[in-house]
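J.: generate coordinates for the sequence data below:
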Amino acid sequence: MNTSDKGGANDRPVTYTASAESLQKHLVPDWFRDAKFGIFIHWGPYSIPAFAPHHAQIGDVSGAGAAQTFADVPYSEWYLNTMKFEDGATAAFHRETYGEDYSYDRFGEAFNASLESWDPVAWAKLFKRSGARYVVLVTKHHDGFLLWPSDTPNPHKTNWGTKRDVVGELAAAARAEGLKFGVYYSGGIDWTFKDARINSFADVMAMPGAAEEYIDYANAHYNELIERYEPDYLWNDIGYPSQQASFDILAKYYNTVPDGLTNDRWMAPDGEFSANAFEKPEGMTGIMPPKPPVWDARTPEYGMFDRILPFQWETTRGLGHSFAFNRTESDSDYLSPGEIATMLASASCFNGNVLLNVGPRWDAQIDPAQAARLEATGEWLSTVGPAVQDTRPIALPQTSIDGISIGATRTADALYIHIFGKPGTERLEVQLPADVGTVETLRLIGGQAADWSCDQNTLSVEVGTWADGAVQIVELGLSQPEPDA
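T.: Next comes the predicted model:
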């Protein structure tokens, strides 16, 4: 996003050229702004060992302790990198479980074998029941393993990809359920082209490029993914080795899928860094990637915003502390249904989406504890969905009630006040925006209001029964004021 507000559909035919000026005219599609909730999938050879040191969160990736952070990173999809720290927990696990000389490449063979029991239709039906509106599949992570039979195979590893068309089969299954389908591609890291151990953020940004003959390889994959699958979302990770190549790809993509979008992880070593490229907006938690010249949605990692910002964002995180399945995590490490509900409600109030990751196991099955979270989220959205999805954020004159944070969403004929907890008082008073219209009805979703009134945009509610949940939502039915003559 490169203007003050990038919302709105691309309802006029536009031909994009491979320049920042042209690409910055692309708008975030309404389907994405309506969706609020998507499913991310990290699944590959790293899902066979499924190991990372057990930590609650990722540490500092840029300070003095960065090397230790990368040695102990809680992301099991980084297994190939963490096993290179000889004194680290991953290397010890690998030696004890598989042996000193067991190659990571053998996990690719095991992953292909596991696909015999994979059922993409069952996955898609679960995602549909969760209430998610879109699915983003990791098609190539940092280990370079491809989840589709590419016409451009890896030049450094034979058979380094799936025999089944995982991308195509999941795309078809998801779209059959009415879900949008997106593809993730690790554009900035590929350890089959550049296998030096990553110890710091500077190492992350030292991408393979022309010297490694990587740019043409990655370009060919993106062109193939766009032409073959026409993804609704193009989700690049880390960065891209050439800024102009990224512009070429995005121009092709926008012209092929005008109602698609891309994220903000396209920063290139040869690109221009704006003055605010590394800006971390006030009120944000988690990790924010540097801002490239062209993007549609910002993607904080394990982070959230607590206020409305003039751009679309999408927080991304695992159900636990890892994206891919991690055998060291237990049920207690996963987000509770209430925590997921709070994330979704908060994101909807502050102009964001939640891309919640599922990490399938080594047997091509989704872990029952993770599936249970998705089922519970779907049950919650079946009740409160109209307050979250297909809404737009609206700023309230106040940000809390009785010390509990609040936010709001609205549609053409309703305003929803989201209370992120249960206030200690049974009487609520909320200042409403001056131009909200006339409040005709009031309902406490899942609970009961004993009485209410609205006088001069001050809403007063006597609560009879709170809803049984982490988020309290007050639904106001509105009639619009008569337009001026």
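J.: stretch 364-384: which residues count as buried?
T.: Neighbour-count burial for stretch 364-384, counted by 16 or more other C-beta atoms under 10 Å, picks out 364-367, 370-371, 373-378, 380-381, 384. C-betas here are computed from N, CA, C, even on glycine.
J.: where do the helices of the protein begin and end?
T.: Secondary structure of the chain (DSSP state H): helices at 20-23, 30-35, 66-71, 79-82, 89-97, 105-114, 120-129, 166-176, 201-205, 215-229, 243-256, 337-349, 368-388.
J.: so what secondary structure elements neighbour the fifth one?
T.: Judged by 3 or more C-beta pairs under 8 Å, 6 or more residues apart in numbering; DSSP states H and E, the packing partners of helix 89-97 are helix 79-82.
J.: can you list contacts of the helix it packs on?
T.: The contact list for helix 79-82, computed with C-beta atoms under 8 Å, 6 or more residues apart in numbering, reads 46, 49, 51-53, 70-73, 88-91, 104, 142-143, 191, 197-198.
J.: repeat that for stretch 428-447.
T.: With contact meaning C-beta under 8 Å, 6+ apart, stretch 428-447 is reached by 383-384, 387, 394-398, 401, 406, 410, 415, 417, 419, 449, 452, 454, 457-461, 463-469, 472-481.
J.: drop anything exposed from these.
T.: By 16+ other C-beta under 10 Å, those give 384, 387, 394, 396, 401, 406, 410, 415, 417, 419, 449, 452, 454, 459, 461, 463, 467, 469, 472-476, 478 as buried.
J.: return the subset of those residues lying in strands.
T.: Among the buried ones among the contacts of stretch 428-447, the ones falling in strands (DSSP state E) are 401, 406, 410, 415, 417, 419, 449, 452, 454, 459, 461, 463, 472-476, 478.
J.: break the chain into its domains for me.
T.: Listed domain ranges for the chain are 20-388, 394-479 (source: automatic domain parsing).
J.: can you give me the end-to-end distance of the shortest one?
T.: Looking back up the chat, that one is domain 394-479. Domain 394-479 stretches 16 Å from its first residue to its last (C-alpha to C-alpha, to the nearest Å).
J.: ditto for stretch 151-162
T.: Start-to-end span of stretch 151-162 (C-alpha to C-alpha) is 12 Å.
J.: and K163, what does it touch?
T.: Taking C-beta under 8 Å, 6+ apart, we find K163 in contact with N112, L115, P149.
J.: now, which of these sits nearest P29?
T.: Closest to P29 out of those is P149 (29.3 Å), distances taken as C-beta to C-beta.
J.: report how many residues lie close to the nearest residue to that closest one once chain neighbours are set aside.
T.: Leaving aside its sequence neighbours, P149 sits nearest to D165 (C-beta to C-beta, 6 or more residues apart in numbering; 5.8 Å). Counted with other C-beta atoms under 10 Å, residues neighbouring D165 total 16.
J.: the one 4 residues further on too?
T.: One way to gauge burial is a neighbour count; for E169, by other C-beta under 10 Å, it gives 20.
J.: deepest-packed of the helices of the chain, please.
T.: Neighbour counts (mean count of other C-beta atoms under 10 Å) averaged over each of those peak at helix 79-82, with a mean of 25.
J.: hey, C-alpha coordinates of that one in PDB?
T.: Only the C-alpha atoms of helix 79-82 are listed here, as PDB (Å, rounded to 0.1, in the frame of the first residue of the first chain):
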ATOM      1  CA  TYR A  79      15.200 -27.300  10.900                       C
ATOM      2  CA  LEU A  80      17.800 -27.400   8.100                       C
ATOM      3  CA  ASN A  81      19.400 -24.200   9.500                       C
ATOM      4  CA  THR A  82      19.100 -25.000  13.200                       C
END
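J.: average pLDDT across it?
T.: On average, the pLDDT along helix 79-82 is 97.
J.: measure Q456 to S330 for me?
T.: Distance of Q456 to S330, computed by C-beta to C-beta, to the nearest Å: 52 Å.
J.: ignore what I typed, I meant L356.
T.: L356 sits 18 Å away from S330, taking C-beta to C-beta as the criterion.
J.: Q365 now?
T.: Distance from Q365 to S330, by C-beta to C-beta: 17 Å.
J.: need the CA coordinates for the least confident helix or strand in the chain by mean pLDDT. PDB is fine.
T.: Least confident helix or strand, the chain: helix 66-71 with a mean of 86, by mean pLDDT, DSSP states H and E. What follows is helix 66-71, C-alpha atoms only, in PDB (Å, rounded to 0.1, in the frame of the first residue of the first chain):
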ATOM      1  CA  ALA A  66      20.900 -12.900  17.300                       C
ATOM      2  CA  ALA A  67      23.100 -16.000  16.700                       C
ATOM      3  CA  GLN A  68      21.600 -17.700  19.800                       C
ATOM      4  CA  THR A  69      18.100 -16.700  18.600                       C
ATOM      5  CA  PHE A  70      18.700 -18.500  15.300                       C
ATOM      6  CA  ALA A  71      20.200 -21.500  17.000                       C
END
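J.: re the thing from before, and the contacts of helix 79-82, which are buried?
T.: 46, 49, 51-53, 70-73, 88-91, 104, 142-143, 191, 198.
J.: now for G99, how many residues are close by?
T.: Neighbour tally, G99, other C-beta under 10 Å: 8.
J.: count the neighbours of the nearest residue to I366 once chain neighbours are set aside for me.
T.: With sequence-adjacent residues excluded and distances taken as C-beta to C-beta, 6+ apart, I366 is closest to P360, at 5.3 Å. P360 has 21 neighbours, counted by other C-beta under 10 Å.
J.: contacting residues around P360?
T.: By C-beta under 8 Å, 6+ apart, P360 lies in contact with I41, W43, S47, W123, F325, I366, D367.
J.: list just the nearest of those to L309.
T.: Distance ranking of the contacts of P360 against L309, using C-beta to C-beta, places I41 first at 27.3 Å.
J.: count of residues packed around that closest one?
T.: 23.
J.: quick one: it from E224, how far?
T.: From I41 to E224 the distance is 19 Å (C-beta to C-beta).
J.: just A341 next, same as before
T.: Distance, A341 to E224, using C-beta to C-beta: 38 Å.
J.: still on that earlier bit, which one of Q456 and S330 has more residues nearby?
T.: Neighbour tally, Q456 and S330, criterion other C-beta under 10 Å: the higher count belongs to S330, 11 against 7.
J.: residues contacting that one?
T.: Applying C-beta under 8 Å, 6+ apart to S330 gives no contacts.
J.: list phi and psi for it.
T.: Torsion angles at S330 (phi, psi; degrees, to the nearest 10) stand at phi -120, psi 180.
J.: now do it against Y79, distance only.
T.: For S330, the distance to Y79 - C-beta to C-beta - is 19 Å.
J.: got the buried residues for stretch 323-334?
T.: So, applying 16+ other C-beta under 10 Å, buried residues of stretch 323-334: F323, A324, F325, N326, R327, T328, E329, D333, Y334.
J.: need those in JSON lines (columns: pLDDT).
T.: Shown next, in JSON lines, are the buried residues of stretch 323-334 (pLDDT from 0 to 100):
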{"residue": "F323", "pLDDT": "98"}
{"residue": "A324", "pLDDT": "98"}
{"residue": "F325", "pLDDT": "98"}
{"residue": "N326", "pLDDT": "98"}
{"residue": "R327", "pLDDT": "97"}
{"residue": "T328", "pLDDT": "96"}
{"residue": "E329", "pLDDT": "96"}
{"residue": "D333", "pLDDT": "96"}
{"residue": "Y334", "pLDDT": "97"}
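J.: closest to D232 out of those?
T.: F323 (20.6 Å).
J.: would you agree that closest one is in contact with Y75?
T.: Yes. Shown here, F323 and Y75 form a contact pair, counting by C-beta atoms under 8 Å, at 5.7 Å.
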